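Trainee: Take this sequence and fold it.
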Amino acid sequence: MALKPLGMGVVGAGSIGIRAALQHFSCEDVQDRVVLASVCDPVPGRAEAAAAKFGVGTHYESYEDLLADPTVDLITVCSPISLHYEQGLKAIEAGKHIHFNKTMTVTADESLDLIAKAKAAGVKIVASPGQLTKPGLREVRKRIQNGDLGQIAWAVTGAAFGSYHEQEGLRQGADILTNINPAWYWRKPGGGPLYDMTVYGLHSLTGILGPAKRVTAMSANAVKEREFRGDIYPCDAEDNTLMVLDFGNNVFSFVYGTFTGGLAEGWGPTFFGTKGKIAGETHNGEPVIVNGPIHPMGPHVTGVHANMEENHVFEDMMQLVDWIHDDNAKPIATAEHAAHVIEIIEAGLRSSDLGSVQELKTTFELV
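Mentor: Predicted structure coming up:
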């Protein structure tokens, strides 16, 4: 029996909303499973313009109006991170399934509260980035678990903020869909390279090694202002953070989120063991080969999606679509994993403030 397509609501028609959701879900090959039902954005005219360009059923300036739309079955939250918790609560109350762009929330307690409330309400949630959808990283995990790298000593992962967001293409134009301001990325709460970029490496690292046990760190806000299209914006989010994680069994990891530089190779962590190293998706200098038809970003990245931006986020959203259609299609991009990574970030910042090692309380199951 053919499935009834689900109605997707896109919360925020900014850079990620356009590139990860609207562009992908307007493609013909997904219409049998999910259609663009609605889009909302508080900037006057932006949701209307997005709906016209991508063929979305309805458009609103109000998030509450989108949640009240009966054609919306699930939403993707593409708003600033500081809004995710409150928007998640309202979506659960409205009975809408949820995909959260990274990070799921600002604090682990917020994520855990959403997980509990969603479970009680029968609402399904997933949270990006589901890094272990990548067959290459799953093979890395398999090799480490099988002892192919010998005894693991330590690992390194992280990311540098740079001027990435200032230079994104959808921020350079003159119309309402291409002049999107990135200033929220530089402000508390929820801004800075840890929440925005290092989160990828942390999901990969913990997805391979499992949950971390303890964190210690030093952190600061080094860049006090940034320029975007001739205007100067204040910056107060921590942008120069160095962390050490303890995974137990004498395995440690160095993790960074900074405003410049970098050590990790690609988006994958580097692992050092008694039999060499795995750097990203190379093992002692040789590519990690995974036989099979699955795209490097995941099984849903097929056809036109393979060459589109943000296809890793599309993969995470399609996991939610599959899960709604089939209870047995458990997602890799779990909310529990996201909550653990958020606690690592929180604990790192707290460690810097207090000058002490922080014990971690959250955990998750490897999928």
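Trainee: what's the burial count for Asn250?
Mentor: 10 (other C-beta atoms under 10 Å). C-beta here means a position set from N, CA and C on the backbone, and glycine is covered the same way.
Trainee: average pLDDT across stretch 115-133?
Mentor: Stretch 115-133 comes out with an average pLDDT of 97.
Trainee: So for it, what gets flagged as buried?
Mentor: Neighbour-count burial for stretch 115-133, counted by 16 or more other C-beta atoms under 10 Å, picks out 115, 118, 123-133.
Trainee: and the end-to-end length of that stretch?
Mentor: End-to-end distance of stretch 115-133: 21 Å, with C-alpha to C-alpha, to the nearest Å as the criterion.
Trainee: if you look at the buried residues of stretch 115-133, which of them are in helices?
Mentor: Judged by DSSP state H, the buried residues of stretch 115-133 include 115, 118 as members of helices.
Trainee: Closest to Ala333 out of the buried residues of stretch 115-133?
Mentor: Using C-beta to C-beta, Gly130 is the member of the buried residues of stretch 115-133 that lies nearest Ala333, at 2.8 Å.
Trainee: low-scoring stretches of the protein, by residue?
Mentor: 1-2, 264-267 (pLDDT under 70).
Trainee: can you pull up the bridge partners for Ser38?
Mentor: Ser38 has the following beta-bridge partners by DSSP bridges: Gly9, Thr58.
Trainee: What about it, how many residues nearby?
Mentor: Around Ser38 there are 24 residues (other C-beta under 10 Å).
Trainee: Double-check it against Gly17; I have them as touching.
Mentor: No - contact status for Ser38 versus Gly17: not in contact, 12.0 Å apart, counting by C-beta atoms under 8 Å.
Trainee: overlap in contacts of the two?
Mentor: Taking C-beta atoms under 8 Å, 6 or more residues apart in numbering as the contact rule, the neighbours common to Ser38 and Gly17 are Val10.
Trainee: tell me the domain boundaries of the chain?
Mentor: 6-130+299-334, 131-296+336-359 (automatic domain parsing).
Trainee: measure the shortest one end to end?
Mentor: Taking C-alpha to C-alpha as the measure, domain 6-130+299-334 stretches 20 Å from start to finish.
Trainee: ok, now the last one?
Mentor: End-to-end distance of domain 131-296+336-359: 24 Å, with C-alpha to C-alpha as the criterion.
Trainee: where does Val251 sit relative to Phe54, distance-wise?
Mentor: Distance, Val251 to Phe54, using C-beta to C-beta, to the nearest Å: 46 Å.
Trainee: same thing with Ala338?
Mentor: In terms of C-beta to C-beta, Ala338 sits 27 Å off from Phe54.
Trainee: Looking at those two, which is more packed in?
Mentor: Ala338 (30 against 20).
Trainee: What ranges does the stretch 51-200 of the chain have for its strands?
Mentor: 58-60, 74-77, 97-100, 125-127, 152-160 (DSSP state E, counting those that start in this stretch).
Trainee: from the chain's centre, how far out does the last one sit?
Mentor: What it means is strand 152-160. Put simply, strand 152-160 sits 19 Å off its chain's centre (C-alpha atoms, centre = their mean, to the nearest Å).
Trainee: tell me which residues in it are buried?
Mentor: 152, 154-160.
Trainee: and which of these is nearest Gly12?
Mentor: The closest of those, once distances to Gly12 are taken by C-beta to C-beta, is Ala159, at 22.3 Å.
Trainee: ok, that closest one touching Leu202?
Mentor: No - between Ala159 and Leu202 there is no contact under C-beta under 8 Å: 9.6 Å.
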